[in-house]
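Engineer: Requesting a structural model of the entry that follows:
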Amino acid sequence: MLRQNGNAKVADLSKLFGVTEETIRRDLDRLEADGVILRTHGGAVLVPKEKGFEPPVLQRESIHLEQKEAIGKYAASLVEEGEIIALDASTTCLQLVKHLPNRPLTVLTYSLAVVNELIKKKEIAVILIGGNFDSDSMAITGMSAENMVEAYHVDKFFFSCQGFDDQRGVSEPYESHARLKEKILNISDQHILVADSSKFGKKSLIRLLGLEEVDLLITDTKMANADVQLLQNKGINIVTTS
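Structural biologist: Next up, the predicted model:
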């Protein structure tokens, strides 16, 4: 339907396929996570494809780019020389890496896109987690990756998500990514969530952790003041960037 029309509404898809709107929303969340579509109010549009293969993770990089750049720049400013940090395979963490100065520190990651950016920065030591390679996310997950993580300790873990919500917390669409993130959370002193405002109120398949377990949430100024106040009233440490 999306390939044929370029866009679709949740209500129309629900009637067409004879399923609930919540089922359609979950399907659209999964397609957005795959980089195939972009969610809109009440529906979705197809992400245009360029000639040649481009991994969905790089397709997603241009979505909400201005907000991700601002979040990544602020997050990079929190990294101190000599620290050991962990980064997930999100496009927001990719922006963080682009703003990291070339100075001594260690980065633990399972993202090949992140590693590719760090090749240029010779002062930064990189630990690439090994395991099963996913070409769509350019990420390495699986049991061997999870086991490898347990041997390390990091000062700060910067990670994003599919959605965050004051009730459900932080959630993810893929079990393999969620399991690996849980392992990294367990070895990290600080948990720093980097997520643009479009993800607030969204709920995905797997609950990763509660917002109260996040030491710092970095989002953007497009998040409604009432929502920022709501989270602050719940004791969430939140910074908005522009």
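
Engineer: nearest spatial neighbour of the residue nearest the centre of the chain, skipping sequence neighbours?
Structural biologist: In the chain, the C-alpha nearest the mean C-alpha coordinate belongs to Ser160, at 3.0 Å (C-alpha atoms, centre = their mean). The shortest distance from Ser160 to any non-neighbouring residue, by C-beta to C-beta, 6 or more residues apart in numbering, is to Ser90 (3.5 Å). The C-beta positions use only the backbone N, C-alpha and C, and glycine is treated the same way.

Engineer: what's the answer for Leu231, then?
Structural biologist: Nearest residue to Leu231 in three dimensions, chain neighbours excluded: Ile238, at 5.3 Å (C-beta to C-beta, 6+ apart).

Engineer: List the buried residues of stretch 146-164.
Structural biologist: Residues 146, 148-149, 152, 154-164 are the ones in stretch 146-164 that count as buried (16 or more other C-beta atoms under 10 Å).

Engineer: Mind picking out the helix or strand in this protein with the poorest mean pLDDT?
Structural biologist: helix 56-60 (a mean of 64; mean pLDDT, DSSP states H and E).

Engineer: contacting residues around the helix or strand following that one?
Structural biologist: Counting by DSSP states H and E, the next helix or strand C-terminal to helix 56-60 is helix 65-77. Contacts with helix 65-77, where a contact means C-beta atoms under 8 Å, 6 or more residues apart in numbering, come from 61, 91-101, 158, 192, 194-198, 218-220, 222, 239, 241-242.
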